[in-house]
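Fold the following.
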Amino acid sequence: MSEYSFGIYMKYYFVLFITENLNEGLKVV
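Predicted coordinates:
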């Protein structure tokens, strides 16, 4: 796994993490 691929993977995972948190926040409100 190259450093470039790892960077893309981390970005993708980070976006999913933020999206999940936003969805949870909207559900609470």
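
what's the pLDDT at Val29?
On pLDDT, Val29 comes in at 65.

pLDDT on stretch 11-24, on average?
For stretch 11-24, mean pLDDT rounds to 93.

Now tell me what touches it from outside.
For stretch 11-24, there are no external contacting residues (C-beta atoms under 8 Å, 6 or more residues apart in numbering). Bear in mind the C-beta positions are built from the backbone N, C-alpha and C, glycine included.

If you count neighbours, what's buried in that stretch?
Across stretch 11-24, burial judged by 16 or more other C-beta atoms under 10 Å covers no residue at all.

from the chain's centre, how far out does stretch 12-24 sit?
Remark: stretch 12-24 is offset 4 Å from the chain centroid, using C-alpha atoms, centre = their mean, to the nearest Å.

CA-only coordinates of it in CSV, if you can.
Extracted C-alpha coordinates of stretch 12-24, given in CSV (Å, rounded to 0.1, in the frame of the first residue of the first chain):
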residue,chain,number,x,y,z
TYR,A,12,-12.6,8.7,2.7
TYR,A,13,-12.8,7.2,6.2
PHE,A,14,-12.7,10.7,7.8
VAL,A,15,-15.6,11.9,5.6
LEU,A,16,-17.6,8.8,6.5
PHE,A,17,-16.9,9.5,10.2
ILE,A,18,-18.0,13.1,10.0
THR,A,19,-21.1,12.1,8.0
GLU,A,20,-22.1,9.6,10.7
ASN,A,21,-21.6,12.2,13.4
LEU,A,22,-23.7,14.7,11.5
ASN,A,23,-26.5,12.2,11.0
GLU,A,24,-26.5,11.3,14.7
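
what's the spacing between Val15 and Tyr9?
11 Å (C-beta to C-beta, to the nearest Å).

What of Leu22?
Counting by C-beta to C-beta, the gap from Leu22 to Tyr9 is 21 Å.

what does Thr19 give?
Going from Thr19 to Tyr9 by C-beta to C-beta gives 16 Å.

need the helices for this protein, in chain order.
3-28 (DSSP state H).
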